[in-house]
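**Student:** sequence first, then the predicted structure:
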Amino acid sequence: MQLCIAAFIRQVASKSGDKSSVEDKTPLEILKKRYAKGEINKEEFNEKKKDLL
């Protein structure tokens with residue numbers, strides 16, 4: 001039981017850490033990461049990149 005609670009706390013803490021790391025990145029860095037993950041295709045990447053630059 002204690003192990004489950006510890007795992008849950010670690011998971012919640014790591015998710016809250018992700019938010020701050022995203023906030024520290026520039027929009028272009030976030031866009032590049034989304035493209036690398038496959039969340040957007042090349043056409044969407046180029047369109048959004050033009051908007052940012």
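**Tutor:** Now that the structure is in, tell me what you want to look at.
**Student:** ok, Phe45 - contacts?
**Tutor:** Leu31, Lys32, Arg34, Tyr35 (Cβ atoms under 8 Å, 6 or more residues apart in numbering). Where C-beta positions appear, they are placed from N, C-alpha and C, glycine not excepted.
**Student:** which residue sits closest to the second one, ignoring its sequence neighbours?
**Tutor:** Translated: Lys32. Take Lys32 and drop its neighbours on the chain: the residue closest to it by Cβ to Cβ, 6 or more residues apart in numbering is Phe45, 8.0 Å away.
**Student:** swap in the last one?
**Tutor:** Closest residue to Tyr35 apart from its sequence neighbours, by Cβ to Cβ, 6+ apart: Phe45 at 4.3 Å.
**Student:** C-alpha coordinates for the helix or strand containing the one you found, PDB please?
**Tutor:** According to DSSP states H and E, Phe45 maps onto helix 42-52. Only the C-alpha atoms of helix 42-52 are listed here, as PDB (Å, rounded to 0.1, in the frame of the first residue of the first chain):
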ATOM      1  CA  LYS A  42       5.700  18.700 -42.100                       C
ATOM      2  CA  GLU A  43       3.100  21.000 -43.700                       C
ATOM      3  CA  GLU A  44       1.600  22.000 -40.400                       C
ATOM      4  CA  PHE A  45       5.100  22.500 -39.000                       C
ATOM      5  CA  ASN A  46       6.200  24.800 -41.800                       C
ATOM      6  CA  GLU A  47       3.000  26.800 -41.700                       C
ATOM      7  CA  LYS A  48       3.200  27.400 -37.900                       C
ATOM      8  CA  LYS A  49       6.900  28.100 -38.200                       C
ATOM      9  CA  LYS A  50       6.200  30.900 -40.700                       C
ATOM     10  CA  ASP A  51       3.700  32.400 -38.300                       C
ATOM     11  CA  LEU A  52       6.200  32.400 -35.500                       C
END
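**Student:** quick check: mean pLDDT of that helix?
**Tutor:** Per-residue pLDDT over helix 42-52 has a mean of 95.
**Student:** quick one on the thing from earlier: how near is the residue nearest to Tyr35 to Lys25?
**Tutor:** Separation of Phe45 from Lys25 (Cβ to Cβ, to the nearest Å): 16 Å.
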